[in-house]
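Undergrad: model the following, please.
(chains A and B)
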Amino acid sequence: MSTIRLIKDKCTGCGLCVETCPFGFITMSDNHASIGVGCSLCGACVEACPMEAIIIEAKERKADLSDYRGVLVFGEQEGSVSAVVYELLGKGRELADKLEENLECVILGNEMMDEAKEIATYGVDRIYLYDSPTLARFRDDPYVEILSELVEEIKPSVFLIGATPIGRSLTPRLATRLRTGLTADCTGLDIDPEGNLIQTRPAFGGNVMARIVTPNHRPQMATVRYKVMKRAEKLPGHAGEIVVKQVREDLTDRTKIRKVLKVSEEMSITEADVIVSGGKGLGNPEGFKLIRELADTLGGAVGASRAVVDDGWIDYKHQVGLSGKTVRPRLYIACGISGAVQHLAGMQTSDVIVAINKDPSAPIFRVADYGIVGDLYEVIPELIRQLRSPGC
Amino acid sequence: MKIVVCIKLVPAITDVKIDPETGTLIREGVESEVNPFDLYAIEEGIRLKEKHGGTVTALSMGPPQAERALRDAFARGCDDMILLTDRKFAGADTLATSYTLSRAIRKTSLYDLVICGHKTTDGDTGQVGPGLAEWLGIPHVSYVRKIIDVDDRSIVVDRSIDSSYEEIEAPLPCVITVTKEINVPRLPSLRRKIESRRMPLQVWASEDLGREGRFGLEGSATRVIKVYDPPARPGGELLRGDSQTQVRQLVNRLKERRIL
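TA: Numbers count the residues shown, from 1 in each chain, chains lettered A, B, ... in the order given. Reported below is the predicted structural model:
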């Protein structure tokens, strides 16, 4: 078993570890640090200790990892290949080049040959295509079965999946079947000098960043957040090989989709480049008409704070924040939102944040690049007017 | 029906404040609470029990303090409490956590349904529910927003995935993970709160659960090599003047930054 240990003779009682522990599990007693039960062995204190008085002893099992090569990307589709796949291919190409290995992509779906041909021009070396009417719609069981068999056959070193609802349902099951590591919702990926994947992700509502590796298991699996990685570029004259794979007839399929209800075609907030969000400061549910008008003017989507969703002013799928969605648009405009920690957790990594609020002391102004203290019912119509005026 | 609800004690993010000087998290005196998403799982378990009979077992892996989460679940209407605590469980990633929970669920003998919140607010991975189902060898349905029907053999649920809603039928036993749309959790009753203090709870350690080497850090495939504060956002600019002036400045700034 792995343990964390304090070497008392080395500890000077400086207290740096107490301040560093993200979970408040270290206390000072008797001029020595004391590590409480519940420690998750995150290692933050090990790095912080200037005396090297804290050590984590991990019993490691070394596996033979050299059989695993290349970067595989899951080509999620809903009729056409999802936007996030192009971002995974962009990042995947960079990682594969660092490893001096291949970039491959796997697509499961129905009548996807044209899409596969298109994807093949984005710097992919090889595409595995599983094309069958039975795979048209995502289901956990058959998708996991096919992907686990493919991984065992081609043995990729890195496997990237979009952190979409589908990706986040499918991948934990797949990683468990493969008995390998999975890092959720990564915002950064790189290769270390030994060729391991360094995965960076926010935790604790974006208030803490963690760097994670999968040292002794393969493939190194990660789901990757939308809109963080740069899209792959089309390579003129390049076309990756397309390998059409047999789809078995006897795939496991324990759940049945009885009905599919398509929600509106409205843009999802996780995909939008611009989000205009409304909160309690709107005064009433009708206020969202104005929010929507501004969003439409900017070609963006409508977001909302938890308070107005809980009060039924707008549907849950618009909720930004810890208990809603995490978003990272190029422009986030918060209107009448005070900026509780839970809300900030869902939007503070947006490229540019604009806050419009009556209350100059609202916490939202602390993360805003541009703040406007004022009545949103004056400011927003004026903004719409100027945006629509000729020359803008 | 026999229902197991998996819950976790997490740091209460509602108590977390940002240091206005440094823009970083103030960590002193952070309280812990039941993971907010787990409250929906507990409530749904209790509602199913009230409608169809049976029992709801609350299960949690964590430090001894996690007992509080279980007593809270009892006060809301769960029947049994199982705490998985052992120094060997420390440092578990989602692979080891879901393994440990699956061993405990197998040990509870027959069960029909496992309910999890769709993610926790601290780790925020959403990986334990589906991973647990795989260890148990049963199907799972993620993002359930409504249970439409349940009988001895199967469950029909409404779940949201990407831009659509699906009505899915799954055979029992299975794992579902639920979103906050599914219900409005009740508050613990005072009577059950008092009762919960004296209720015995089962405490299991690694030797009760199975294979060495699959627990905690040792059973984990991932390693956290560094935890650090995210870079603070640079200070912003307050735009002054009347609405028209403020908006004009904003539009200019957004043009300069090529956002417009």
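Undergrad: quick one: strands adjacent to the host helix or strand of B:Leu238?
TA: Assigned by DSSP states H and E, B:Leu238 belongs to strand B:237-239. Sheet pairing for strand B:237-239, assigned by DSSP bridges, gives strand A:370-373 (parallel).
Undergrad: so how far is the partner strand from its chain's centroid?
TA: Relative to its parent chain, strand A:370-373 has a centroid offset of 29 Å by C-alpha atoms, centre = their mean, to the nearest Å.
Undergrad: chain neighbours aside, what residue packs nearest to B:Ile259?
TA: Leaving aside its sequence neighbours, B:Ile259 sits nearest to A:Leu331 (C-beta to C-beta, 6 or more residues apart in numbering or on different chains; 5.0 Å). C-beta coordinates here come from the backbone N, C-alpha and C atoms, glycine included.
Undergrad: show me what contacts the residue of the stretch 101-250 of chain A found nearest chain B?
TA: Among the residues of the stretch 101-250 of chain A, A:Gly181 lies closest to chain B, at 3.1 Å counting by C-beta to the nearest C-beta. When contacts are counted by C-beta atoms under 8 Å, 6 or more residues apart in numbering or on different chains, A:Gly181 is found next to A:Ala175, A:Thr214, A:His217, A:Gln220, A:Met221, B:Asp93, B:Leu95, B:Ser220, B:Ala221, B:Thr222.
Undergrad: can we see that at 10 Å?
TA: Residues near A:Gly181 by C-beta atoms under 10 Å, 6 or more residues apart in numbering or on different chains: A:175, A:197, A:199, A:212-222, B:93-95, B:220-223.
Undergrad: please check those residues and keep the buried ones.
TA: Using 16 or more other C-beta atoms under 10 Å in any protein chain shown as the burial test, those include A:175, A:197, A:199, A:212-222, B:93-95, B:220-223 as buried.
Undergrad: all strands of the stretch 251-392 of chain A, in order?
TA: A:256-262, A:274-278, A:301-304, A:331-335, A:352-357, A:370-373 (DSSP state E, counting those that start in this stretch).
Undergrad: what does the last one rub up against?
TA: Taking C-beta under 10 Å, 6+ apart as the criterion, the residues outside strand A:370-373 that touch it are A:333-335, A:352-362, A:364-365, A:378-380, A:382-383, B:236-241, B:243, B:246-247, B:249-250, B:253-254, B:257.
Undergrad: show me how to select, in PyMOL, the buried members of those residues.
TA: Buried residues within those, by 16+ other C-beta under 10 Å, are selected in PyMOL with:
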select buried, (chain A and resi 333+334+335+352+353+354+355+356+357+362+364+365+378+379+380+382+383) or (chain B and resi 236+239+243+246+247+249+250+253+254)
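Undergrad: thinking again about what came up before, looking at the buried ones among the contacts of A:Gly181, which are in helices?
TA: Judged by DSSP state H, those include A:Ala175, B:Thr94, B:Leu95 as members of helices.
Undergrad: redo the residues you listed as JSON lines? Include pLDDT and distance to A:Gly281.
TA: Below are these laid out as JSON lines (pLDDT from 0 to 100; distance: C-beta to C-beta, whole Å):
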{"residue": "A:Ala175", "pLDDT": "98", "distance to A:Gly281": "42"}
{"residue": "B:Thr94", "pLDDT": "97", "distance to A:Gly281": "38"}
{"residue": "B:Leu95", "pLDDT": "97", "distance to A:Gly281": "44"}
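Undergrad: TSV please, covering the residues you listed and showing distance to A:Glu78.
TA: Listed next are those as TSV, based on distance: C-beta to C-beta, whole Å:
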residue	distance to A:Glu78
A:Ala175	22
B:Thr94	26
B:Leu95	28
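Undergrad: out of those residues, which is nearest to A:Ala307?
TA: Nearest to A:Ala307 out of these is B:Thr94 (C-beta to C-beta; 30.9 Å).
Undergrad: so who does the closest one touch?
TA: By C-beta under 10 Å, 6+ apart, B:Thr94 lies in contact with A:172, A:175-176, A:181-184, B:123, B:125-132, B:220-222.
Undergrad: burial measure for the closest residue in space to it that isn't next to it in sequence, as a count.
TA: Counting by C-beta to C-beta, 6+ apart, B:Gln127 is the residue found nearest to B:Thr94 once chain neighbours are left out, at 3.9 Å. Counted with other C-beta atoms under 10 Å in any protein chain shown, the neighbours of B:Gln127 add up to 28.
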